[in-house]
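Visitor: Sequence first, then the predicted structure, then my questions.
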Amino acid sequence: MAGLQKFLSVSATAVVLALVAFAGTAPVAQLPALATQVTQDAPAPETKEHEFGDAFVVSLGGKLYDNYWAGSGASPPEMRNPAFPSDLKVSNTDTWRCVSCHGWDYDGAARTEGSAQQQKQFVSLRHLQGTDPFNMLELFTRAHPDQRALAAGGLPLDLLLLFLTVGQYDLATFRPEKSMSQKNLSRGRDIFEGVCMSCHDPNGKSGFQVRPDMVGSLGWQARHQPKRMIHKIINGVPGESMLALRFMDEPAIADLVAYLKTLDPDAN
Ligand code: HEC
Ligand code: HEC
């Protein structure tokens, strides 16, 4: 987060304006859609800064990384991505999502265990954290002529590239051996009770749709899909009302995840 604060020393509005100016041909029509999302996704803030702050702008990029179509309101591609490994059962739209190949921790999705095709496609983007977002456009365009939804450039792409350069969370903060003391767990519990419980219930088992790839339980997810969970807690859920906790420091979020692991122990 220190890098983020250093880079984003100007206000969020200025960042967005700079990005629009940088894009040159920014499709202005997309701005109202993003503005609507900003309003819908806004966390319960004490100040306007939380609604439109720097952290919030970066979290919009994180949502696009998760699911570009849900995050921007565009219609999802129907065709399967021919580059996506054919030995994996993934819906056609999901084969285009950044996270499907680059992973929930941006280090490549399940790179080490996968087939040769997976190893080739599931590449890490960790090295981009801390680099200059203005050099990223060229890297992205060279690597991804296939991502047609983003080829025209504009604000959504700029937000995505900004996210990759300043928004990746620090893996070291979330190592399982960290934040297990009673003090850490009780801070995690305070955050859960204050911020999450109203939507997900005290046992963390409500507020989800049924999905084939997860059990609708925060305890289960913290134990089985911690990287996915951390990304969603920090950036919010594309197209959903859930707040993004990026404005909190990462050790506090690590405590929250450690506490979530203790919930609903019967779900294994
Ligand atoms: C089907 C798998 C796949 C999907 C989906 C995918 N990527 Fe990639 N990405 C790759 C591969 C493979 C490379 C390396 C390509 C190369 O080196 O030519 C790459 C390279 C990149 C690079 C350049 C990295 C560098 O250091 O040069 C960026 C940036 C990038 N991807 C961002 C994204 C974003 C943002 C999305 C979502 C909009 C996305 N990718 C979706 C497979 C994927
Ligand atoms: C305003 C209501 C609301 C609040 C407050 C809220 N959530 Fe959510 N949360 C949602 C909704 C809606 C979804 C999306 C459910 C779905 O897609 O099935 C969601 C999804 C999630 C997911 C992603 C599940 C997945 O698809 O991987 C996680 C993790 C999560 N919430 C954790 C939390 C945590 C931790 C907190 C507290 C910091 C919190 N939520 C606070 C409404 C909320």
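Guide: That came through, no problem. Ligands and ions are numbered 1, 2, ... in the order given.

Visitor: how close does the closest residue to residue 210 other than its chain neighbours sit to ligand 1?
Guide: In space, residue 210 comes closest to residue 216 once its chain neighbours are excluded; the distance is 6.3 Å by Cβ to Cβ, 6 or more residues apart in numbering. The C-beta positions use only the backbone N, C-alpha and C, and glycine is treated the same way. Counting by Cβ to the nearest ligand atom, to the nearest Å, the gap from residue 216 to ligand 1 is 26 Å.

Visitor: Mind splitting the chain into its structural domains?
Guide: What the record gives for the chain is the domain set 2-166, 171-267, from automatic domain parsing.

Visitor: first vs last residue of the shortest one, how far apart are they?
Guide: Think domain 171-267. 26 Å (Cα to Cα, to the nearest Å).

Visitor: from the middle of its chain, how far away would that domain be?
Guide: Relative to its chain's centre, domain 171-267 lies at 14 Å (Cα atoms, centre = their mean, to the nearest Å).

Visitor: quick check, it touching ligand 2?
Guide: Yes - contact between domain 171-267 and ligand 2 is present through 195-196, 198-200, 207-209, 214, 218, 221, 228-229, 232-233, 237, 240-243, 245 (criterion: Cβ under 6 Å from any ligand atom).

Visitor: Tell me the residues of the stretch 51-200 of the chain that contact ligand 1?
Guide: Near ligand 1, when you scan the stretch 51-200 of the chain using Cβ under 6 Å from any ligand atom, you find 68, 81, 83-84, 96, 98, 100-102, 121, 123, 125, 136, 139-140, 143-144, 147, 150, 160.

Visitor: Derive a ChimeraX selection command for the buried subset of those residues.
Guide: In ChimeraX, the members of these classed as buried (16 or more other Cβ atoms under 10 Å) are selected with the following command:
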select :68,81,84,96,98,100,101,102,121,125,136,140,147,150,160
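
Visitor: circling back to that earlier point, correct me if wrong, but the residue nearest to residue 210 is in a strand.
Guide: No - secondary structure of residue 216, determined by DSSP: H, G, I helix; E, B strand; the rest coil: coil, with no strand assignment.

Visitor: Tally up the residues packed near it, please.
Guide: Using other Cβ atoms under 10 Å, the number of residues around residue 216 comes to 17.

Visitor: hmm, back to that, among the residues of domain 171-267 next to ligand 2, which are in helices?
Guide: Filtering these for membership in helices, criterion DSSP state H, returns 198-200, 218, 221, 228-229, 232-233.

Visitor: just to revisit the earlier point, just the buried ones from the residues of domain 171-267 next to ligand 2?
Guide: Using 16+ other Cβ under 10 Å, the buried members of those are 195-196, 200, 207, 218, 221, 228-229, 232-233, 237, 242-243, 245.

Visitor: Tabulate these (TSV), appending pLDDT and distance to residue 178.
Guide: What follows is these, written out as TSV (pLDDT from 0 to 100; distance: Cβ to Cβ, whole Å):
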residue	pLDDT	distance to residue 178
195	95	21
196	96	20
200	96	23
207	90	27
218	97	19
221	95	19
228	96	19
229	97	16
232	97	20
233	97	16
237	95	25
242	92	25
243	91	24
245	95	17
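
Visitor: Report the contact partners of the nearest residue to residue 170 once chain neighbours are set aside.
Guide: Spatial nearest neighbour of residue 170, excluding adjacent residues (Cβ to Cβ, 6+ apart): residue 250 at 6.0 Å. In this structure, residue 250 makes contact with 1, 169-170, 173-174, judged by Cβ atoms under 8 Å, 6 or more residues apart in numbering.

Visitor: Residue 130: which of these is nearest?
Guide: When these are compared for distance to residue 130 (Cβ to Cβ), residue 170 wins out at 10.8 Å.

Visitor: re the thing from before, just among the contacts of residue 250, which is most surrounded?
Guide: With neighbours taken as other Cβ under 10 Å, the top of the contacts of residue 250 is residue 169, carrying 23 neighbours.
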